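Student: Just a sequence and a predicted model for now, questions to come.
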Amino acid sequence: MIASAQRGIYIRRMNGKPNATIAVVDDDESVREATSGLLRSSGFRVQTFESAETFLQSAPVLGAYCLVLDMAMPGMSGLDLLRHLVAVGRRVPTIFITAHDSPAIRREAMLAGAIDMLPKPFSDAALIEAIRLALSLDRFESGGAT
C-alpha cells in the first residue's frame, strides 16, 4: 500500500495534472472537513463549499478539475448543479456522494454525466480511485474548464 503523501505524488504524476483542484460541495461540515483532509493529504488542492449556490458564486468554479458533490442538499441539489453546469457548457468530471443510494438515483446521476456515485460512508480508497479516474479524463474533449 502506498503511504498517504506518496499516494498523492503518485496520483498527480500519473494523471499529469499537478496541483489539481478538487471542489467539494456538501452541506454537512463534518463531511466537507473529512473529505478535504483526505484529499489534501493525498496531494490535491481542495476548495470546499457548503452549497451549490456558494460554489456557483465562486471563482474556483472556473478552475476545478473535479467536483465531489453531495446529491441531496438544501436549495440546489448536487444533481441540479451538475445539470446546470452541463447546460452552460461546463463539463467537469463529477463524483456524487450520497446517503440515499438507490438504482434510480444512481441512474439519474450517470445520465446527467457523473463519473461515479459513492454511498456514504465511503472508503478513502474508493474516493481516491474515483478521483484518479476523473483526472484521467481529458477535460478539453468533454468541453470542460480551460
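Tutor: In hand now; what should we look at?
Student: number of nearby residues for Ala72?
Tutor: Residues lying near Ala72 (other C-beta atoms under 10 Å) number 14. Where you see a C-beta, it was placed from the backbone N, CA and C, and this is true even at glycine.
Student: His100 now?
Tutor: Counted by other C-beta under 10 Å, the residues lying close to His100 total 9.
Student: same check, this time on the one 3 residues further on
Tutor: If you count neighbours by other C-beta under 10 Å, Pro103 ends up with 7.
Student: and the gap between it and Leu82?
Tutor: Here Pro103 is placed at a distance of 18 Å from Leu82 (C-beta to C-beta, to the nearest Å).
Student: Would you map the helices across the protein?
Tutor: Using DSSP state H, the helices of the chain run over 4-15, 29-41, 52-56, 78-87, 103-112, 124-136.
Student: can I get those helices in a markdown table with mean pLDDT and distance to Ile22?
Tutor: Converted to a markdown table, the helices of the chain look like this (pLDDT from 0 to 100; distance: least, C-beta to C-beta, whole Å):
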| stretch | mean pLDDT | distance to Ile22 |
| --- | --- | --- |
| helix 4-15 | 40 | 11 |
| helix 29-41 | 96 | 5 |
| helix 52-56 | 95 | 12 |
| helix 78-87 | 95 | 15 |
| helix 103-112 | 94 | 18 |
| helix 124-136 | 93 | 6 |
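Student: Which one of the ones you listed lies nearest to Pro93?
Tutor: Closest approach to Pro93 among those is made by helix 124-136 (3.5 Å; C-beta to C-beta).
Student: Of all the residues in that closest one, which ones are buried?
Tutor: Using 16 or more other C-beta atoms under 10 Å as the test for burial, helix 124-136 gives Leu127, Ile128, Ala130, Ile131, Arg132, Ala134, Leu135.
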